[in-house]
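Asks: predicted coordinates and the sequence they were generated for:
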Amino acid sequence: MPKGAVLRKFLFIIIPAAIAVSVIYAFSDSRSGYLNKNVTTGDVTVFFGTEISGGRAHLWSDKVSGVLYADTDKSIDNGFTKDVSSLRFTGKKANGLFETVVSLPKADDEVSETLPEAIKESGKKYYEMCSTCHAAAEPNRYAKHRWDGILKSMQQHGGISDSDLSVIRRYVILSITN
């Protein structure tokens, strides 16, 4: 192929295609990872540690309580809404729950690539607050179902506020790997 043809192809095909891809990428919301802080959009609050894909959280709701769960087993609540009618449901249903998609505002500083990165700040709070009286237990030391009682007891003994307890509990539950 002559040099002129290669240059024309480069100038009129490859460069415009690269620009188009860049523009599409710039305007798309391709954030994926885990929220590293609670995010509120409209009537919906999505908690830190929630996995997002393409700037959206796929959660489950019973369409009554306003609690948003990570999965249909209700293993952990990942948010809540004051107005269930404001949720966008996908049509999927399982275990009495309905899948909903929550679009989150674009803020790259609210997304971490991994769950450990996303919960790092709440981990600092856990170790700081719990180590004032005793050595803080590693989250895997107890099963998930035992932590609620342990944390409630520690809240009373240590004077931990409800909001701090909520952050600590979420950290512990998200940290348990078994």
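Replies: Noted; the coordinates are in hand.
Asks: nearest spatial neighbour of E51, skipping sequence neighbours?
Replies: Y34 (5.6 Å; C-beta to C-beta, 6 or more residues apart in numbering). For glycine as for every other residue, the C-beta is placed from the backbone atoms N, C-alpha and C.
Asks: could you point out which element follows the helix or strand containing that neighbour?
Replies: For Y34, the host element (DSSP states H and E) is strand 33-35. For strand 33-35, the succeeding helix or strand toward the C-terminus, using DSSP H and E, is strand 39-41.
Asks: give the contact list for the residue nearest the centre of the chain.
Replies: Centroid check for the chain by C-alpha atoms, centre = their mean gives T50 as the closest residue, at 1.9 Å. By C-beta atoms under 8 Å, 6 or more residues apart in numbering, the contact set of T50 is 34-35, 57, 59, 70, 78-79.
Asks: strands of this structure, start to end?
Replies: Secondary structure of the chain (DSSP state E): strands at 33-35, 39-41, 44-46, 51-52, 56-61, 67-69, 77-81, 88-94, 97-103, 111-112.
Asks: right, and these - which one's nearest S153?
Replies: For these, proximity to S153 was assessed by C-beta to C-beta; strand 77-81 is nearest, at 21.3 Å.
Asks: strands paired with that closest one, and their directions?
Replies: strand 44-46 (antiparallel), strand 67-69 (antiparallel) (DSSP bridges).
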